[in-house]
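> Everything below, folded, please.
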Amino acid sequence: MFIRADASIEMGTGHIMRCLTVAEMWRDSGIQCQFITRALPGDLNHFITQQGFAVISLAGLDASVGWEEDADQTLAILAPYAPVDWILVDHYNLDLAWELKIKPFVNKLVVIDDWVHRRHACDLLINANIYDEAAAHTQRANVPSGCLTLLGP
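Numbering: from 1, shown residues only. Okay, here's the model as predicted:
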């Protein structure tokens, strides 16, 4: 199991914290989990390792690395494990194009995203911020058929 998320002084602390919640749940179920992150100023990589999880850092100290370079770097990490059982991504800069490049190398792709109007190529979508049926309908329309959606608190 891999998790792809970043944190820095400017963004992402919440992404890492909610991913840690999922990672702890998986660990309690006997599933080993590793984080793939970019080493950025103010990242939480040390905190993640303090929680008992491995962190694999991506090259480049710039949060503006494009999705394609990010996908290539992520795939280089995943290659020895391919096909990877699960990868969870929680990252506003990684979108449908990134997912489509990663998807052939993983059995299940999980996305945490609280933006309703973004399209995804995932097997499981989590959005805890959905509060009405119209938003839920929009969210479900933006994922493949057969994608499990966990929407709302």
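> Residues touching stretch 64-80, excluding its own?
The contact list for stretch 64-80, computed with CB atoms under 8 Å, 6 or more residues apart in numbering, reads 2, 4, 36, 38, 56, 58-60, 84, 87, 93-95, 97-98, 101-102, 105-106. Bear in mind the C-beta positions are built from the backbone N, C-alpha and C, glycine included.
> hmm, 6 Å instead?
When contacts are taken as CB atoms under 6 Å, 6 or more residues apart in numbering, the neighbours of stretch 64-80 outside the stretch itself are 4, 36, 56, 58, 84, 94, 97-98, 101-102, 105.
> Can I get the buried part of those residues as one ChimeraX selection?
Burial among the contacts of stretch 64-80 is assessed by 16 or more other CB atoms under 10 Å; the matching ChimeraX selection reads:
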select :4,36,58,84,94,98,101,102,105
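> what's the distance between the closest residue to residue 117 other than its chain neighbours and residue 113?
In space, not counting the residues next to it along the chain, residue 117 is nearest to residue 138; the distance is 6.5 Å by CB to CB, 6 or more residues apart in numbering. In this structure, residue 138 and residue 113 are 12 Å apart, going by CB to CB, to the nearest Å.
> Where does pLDDT dip in the chain?
Low-confidence regions of the chain, defined by pLDDT under 70, span residues 61, 63.
> what helices or strands is the helix ranked longest in it leaning on?
For the chain, the helix that runs over the most residues, judged by DSSP state H, is helix 13-28. For helix 13-28, the contact count by 3 or more CB pairs under 6 Å, 6 or more residues apart in numbering; DSSP states H and E identifies strand 2-5 as packing neighbours.
> what angle sits between whichever helix or strand comes after the longest helix of the chain and helix 13-28?
Past helix 13-28, further along toward the C-terminus, the next helix or strand under DSSP states H and E is strand 34-38. Relative orientation of strand 34-38 with respect to helix 13-28: 160 degrees, computed using axes from the mean of the first three to the mean of the last three CA atoms, to 10 degrees.
> For strand 34-38, enumerate the helices and strands it packs against.
If contacts are counted by 3+ CB pairs under 6 Å, 6+ apart, strand 34-38 sits against strand 2-5, strand 54-58.
> Parallel or antiparallel, list what pairs with that strand.
Based on DSSP bridges, the pairing partners of strand 34-38 within the sheet are strand 2-5 (parallel), strand 54-58 (parallel).
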